[in-house]
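> The amino acid sequence is not available; the structure is as follows:
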């Protein structure tokens, strides 16, 4: 009601969106479809002084990372609202792609940032099925349809093609980082090898702007009376339980492997 009373000082509002988890489509994962509603609300609810992103992600899908970041930038431009990212444990690979959607990036002293690269991992199971007398039968129309089949020996031409595809995505990632942080990146460092940096190291090479936490940084900027409104996906208890069940053992192992790369 304060905004209806003339001459009453306006209390600054910061809407906060939490972007946490591996980036992929599907229930329980961080995807553009899953975060579209809270991101839209963050820029339209209550005339915010800023939108804050709380990021904790080891990465995942390049496409979903790009879609989420693009949504944030579009709304920031339309509503003329600044965006500030705060990294918790990790903003690596696709997680760092999300962070670049912000105008500023802050880290904890122990936060991990970077991993600007592309990775593809899998298993070769052809020796296993041979040992157990299992015959692999594949019939395709199009010579590339069985590309990187894990049940067949790895082919050099398949590996070359995979690397070529990865280089395209890597180039897109590099362009995103340069377009958002070009004037802050330290040119003497090769930042695009997939390496990672911790806390102040990331600030020193230009991947982040400072060490700081959400509430004290933004209260210092907008005032001690600043209000924080945390927004997230609206899900019922049954949907939350279902999402965990749908993840499955394989998905859980893959997710743990992503986090484990950063000691988490």
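Yep, that arrived. Computed from a predicted model, the values in this text were never measured in an experiment. Numbering: from 1, shown residues only.

> just checking, what packs against whichever strand in the chain runs longest?
What stands out as the longest strand in the chain, according to DSSP state E, is strand 83-92. Under the contact criterion of 3 or more Cβ pairs under 8 Å, 6 or more residues apart in numbering; DSSP states H and E, the helices and strands touching strand 83-92 comprise strand 50-57, helix 94-99, strand 104-107, strand 112-114, helix 214-222. Every residue, glycine included, has its C-beta placed from N, CA and C.

> List of residues touching the very next helix or strand once past the longest one?
Proceeding N to C from helix 214-222, the next assigned helix or strand is strand 227-231, under DSSP states H and E. In this structure, residues lying in contact with strand 227-231 by Cβ atoms under 8 Å, 6 or more residues apart in numbering are 11-18, 38, 41-42, 45-46, 48, 52, 214-215, 218.

> pLDDT averaged over the longest strand of the chain - what is it?
pLDDT averaged over strand 83-92 equals 96, rounded to a whole number.

> list the buried ones in that strand?
Along strand 83-92, the positions that meet the burial threshold by neighbour count (16 or more other Cβ atoms under 10 Å) are 83-92.

> Output these in TSV, with distance to residue 209 appended to each entry.
Supplementary listing: these in TSV, determined by distance: Cβ to Cβ, whole Å:
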residue	distance to residue 209
83	12
84	9
85	9
86	11
87	11
88	16
89	18
90	17
91	13
92	17
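
> if we can go back for a sec, restricted to buried residues, select the contacts of strand 227-231 in ChimeraX.
To isolate the buried subset of the contacts of strand 227-231 in ChimeraX, counting by 16+ other Cβ under 10 Å, use the following:
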select :12,13,14,15,16,17,18,38,41,42,48,52,214,218
